[in-house]
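J.: Build me a model:
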Amino acid sequence: MKCPYCGSEDIVKAGKRYNKYTTKQIYKCNECKRRFIEKDGFEYMTYPKEIIVKTLHLYAEGLSLSKIRDFIWQHEGYYLYDGVILYWVRKYAHLLEDFEKNKKPKIKGRIHVDEVVLKERGKKRYDINAVDGKTGYNLGHLLAKGLYMEDFEKFFEELRGKIYDQCMERYEKFKNTGKDNRIVFVSDKRMHYKHAFNKCFYRICRLIHGIPISYKKYGLKHNNNPIERYNEDVKQRYKIMRGFKSFESANAFLSLRRIIYNFVRGKETRAMKAGIALELGQNRLLHLIKF
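T.: Here you go, the predicted structure:
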């Protein structure tokens, strides 16, 4: 551990800080003489970190606020208010999203893109996602208020920042060897995808455009099933919520769920399959927040 103020490693324990439910170790730096607590993502929080991550996981996986409140009260002895739970969701969704932005997963299959329709106070909202067809890793999402071209362009620009190096590497091999091993995108017939793709990935990648769900009926070779499975997973959770109360809460929920989908679920997570090496313990969500 280093001092967050001067970077010195000459640190000693200097008492503890107590609040209603938790106890935090206080440290003192012998160089700058300042006191601090360890920054583990849960500093200044009233409730224990184990309760926070358990609540976040239950919320993202499908339990309603009332069921989460009852579960935590029955099994852990803490009574949570709805506002507290939603505050945690917003805070840690943004924190985890900032952490994930710096990760560059290895593309192993086709990239499938599509949007799913959600509602916020009766208004339609569109969650645009991209999924690696082989690893299942969700490469990114964007919640849009409408089907506007600028939203699709923004989504593809953010995606370009993550995978551009891999796209260029495969494109250079294609130019030198003539073997077309470029990264392939698959989308339905919405023209917004084609225009946004051409703006960000023209020539360096390929786009298979206009793939319907019933692709076999039309004699097509490829399908868009990986992204359809992800969208169906979101819809199953969305049914319980019956719509979102605000655009911010919808965006926070979708971001949190995507991180859990990539880094937490399964014995071998989708992040591991995509080549993102992280030393996570048994409670993966807790370790992710520490990062």
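J.: Which parts of this protein are helices?
T.: Here the chain has its helices, by DSSP state H, at 49-61, 65-76, 82-101, 149-177, 191-201, 225-241, 247-263, 270-273, 284-290.
J.: Quick check: which of these is buried the most?
T.: The highest mean neighbour count among the helices of the chain belongs to helix 247-263 (a mean of 22), with neighbours defined as mean count of other CB atoms under 10 Å. No exception for glycine: its C-beta is placed from N, CA and C like everyone else's.
J.: re the thing from before, out of the helices of the chain, nearest to Asn129?
T.: Evaluated over the helices of the chain, closeness to Asn129 peaks at helix 225-241, with 6.1 Å, by CB to CB.
J.: what's that closest one packed up against?
T.: Contacting helix 225-241 under the criterion 3 or more CB pairs under 8 Å, 6 or more residues apart in numbering; DSSP states H and E are the following elements: strand 111-120, strand 123-132, helix 247-263.
J.: Run the chain-centre distance for the last one.
T.: The chain centroid and the centroid of helix 247-263 are separated by 6 Å, computed with CA atoms, centre = their mean, to the nearest Å.
J.: Output the contacting helices and strands for it.
T.: Using 3+ CB pairs under 8 Å, 6+ apart, the elements in contact with helix 247-263 are helix 49-61, helix 82-101, strand 111-120, strand 123-132, strand 138-144, helix 225-241, helix 270-273, helix 284-290.
J.: Mind pulling up the pLDDT for the closest residue in space to Ala144 that isn't next to it in sequence?
T.: With sequence-adjacent residues excluded and distances taken as CB to CB, 6 or more residues apart in numbering, Ala144 is closest to Asp151, at 3.9 Å. In this prediction, Asp151 carries a pLDDT score of 95.
J.: tell me the contacts of Asp151?
T.: Taking CB atoms under 8 Å, 6 or more residues apart in numbering as the criterion, Asp151 is in contact with Tyr126, Ile128, Leu142, Ala144, Lys145.
J.: pretty sure the fourth one contacts Arg125?
T.: In this case it means Ala144. Yes. Under the criterion of CB atoms under 8 Å, Ala144 makes contact with Arg125 at 6.9 Å.
J.: more neighbours, these two?
T.: Arg125 (21 against 17; other CB atoms under 10 Å).
J.: pretty sure Gly15 is touching Tyr27, no?
T.: No. Using CB under 8 Å, Gly15 makes no contact with Tyr27, being 9.4 Å away.
J.: Of the two, which one has the most company?
T.: The residue with the greater number of neighbours, taking Gly15 and Tyr27 and applying other CB under 10 Å, is Tyr27; the counts read 18 against 11.
J.: Contacts only, for the more buried one.
T.: Each residue near Tyr27 by CB under 8 Å, 6+ apart is listed here: Met1, Cys3, Ile11, Val12, Lys13, Ala14, Arg35, Phe36, Ile37, Glu38.
J.: thinking again about what came up before, what's the closest of the helices and strands packed on helix 247-263 to Glu169?
T.: strand 111-120 (15.2 Å).
J.: and that closest one, C-alpha only, in PDB?
T.: Backbone C-alpha positions of strand 111-120 (Å, rounded to 0.1, in the frame of the first residue of the first chain) are rendered in PDB as follows:
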ATOM      1  CA  ILE A 111     -19.300  -9.300 -34.200                       C
ATOM      2  CA  HIS A 112     -23.100  -9.300 -34.000                       C
ATOM      3  CA  VAL A 113     -24.900  -6.000 -33.500                       C
ATOM      4  CA  ASP A 114     -28.500  -5.300 -32.800                       C
ATOM      5  CA  GLU A 115     -30.800  -3.200 -30.600                       C
ATOM      6  CA  VAL A 116     -33.400  -4.100 -28.000                       C
ATOM      7  CA  VAL A 117     -36.500  -1.900 -27.300                       C
ATOM      8  CA  LEU A 118     -37.100  -0.900 -23.700                       C
ATOM      9  CA  LYS A 119     -39.400   1.600 -22.100                       C
ATOM     10  CA  GLU A 120     -38.800   4.500 -19.700                       C
END
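J.: Okay, angle between that strand and helix 149-177 too, please.
T.: Here strand 111-120 runs at an angle of 170 degrees relative to helix 149-177 (axes from the mean of the first three to the mean of the last three CA atoms, to 10 degrees).
J.: starting at the chain centroid, how far to strand 111-120?
T.: Centre-to-centre, strand 111-120 and its host chain are 15 Å apart (CA atoms, centre = their mean).
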